[in-house]
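K.L.:
Here's my sequence, what's the structure:
(one chain, ligands or ions: 1)
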Amino acid sequence: MAPSLADEACEACTSDDEPLTGTEYAEYLAEIDGDVWDVVNDHHLEGVYPFEDFRDALEFTYEIGELAEEEWHHPDIQLQWGEVRVEMWTHKIDGLHKTDFVMAARMDRIHDDYAPE
Ligand SMILES: C[C@H](O)[C@H](O)[C@H]1CNC2=NC(N)=NC(=O)C2=N1
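P.N.:
Purely as a prediction, here's the structure:
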């Protein structure tokens with residue numbers, strides 16, 4: 001079996017890279033949580049994570065913030081009761097790079113720990 005996207009390294013992006021097109025990112029999109037993530041305008045990822053309450057949403061926000069600092073790839077984050085919204089793309093190429101999908105897969109893995117029993 002191919003390694004999970006969440007186990008792959010975040011690849012460094014250079015300004016020579018082209019943003020991924022729909023056919024190119026389709027295989028990565030299939031590996032992240034389809035109930036959470038959508039690609040918008042072939043340009044960025046939008047994710048909406050559900051939570052049981054505000055505290056879980058707050059702790060998840062902190063955890064993905066730490067991930068962002070470790071990988072130096074920072075989503076826009078909106079926290080509200082029971083929900084965390086995330087937007088993410090690769091600024092250098094103003095579009096999607098494999099790294100955006102690796103980050104999404106890592107966030108999915110973190111979110112798994114918040115699933116209700
Ligand atoms: C200048 C700085 O290194 C860049 O803006 C980094 C930091 N965080 C980032 N976050 C995201 N989401 N995309 C980027 O391309 C990015 N690049």
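K.L.:
Dihedrals phi and psi, Asp17?
P.N.:
Per-residue torsions, Asp17: phi -70, psi 140 (degrees, to the nearest 10).
K.L.:
That one against Leu96, yeah?
P.N.:
No - when contacts are counted by CB atoms under 8 Å, Asp17 is not listed as touching Leu96 (10.3 Å). C-betas here are computed from N, CA, C, even on glycine.
K.L.:
Which one's more surrounded, these two?
P.N.:
Leu96 (24 against 16; other CB atoms under 10 Å).
K.L.:
wait, what's in contact with that one?
P.N.:
For Leu96, the contact set (CB atoms under 8 Å, 6 or more residues apart in numbering) comprises Pro19, Leu20, Tyr25, Val39, Asp42, His43, His44, Leu45, Trp89, Thr90.
K.L.:
Looks like the fourth one contacts Tyr28 (just checking).
P.N.:
No - counting by CB under 8 Å, Tyr28 is not a contact partner of Val39; they are 9.5 Å apart.
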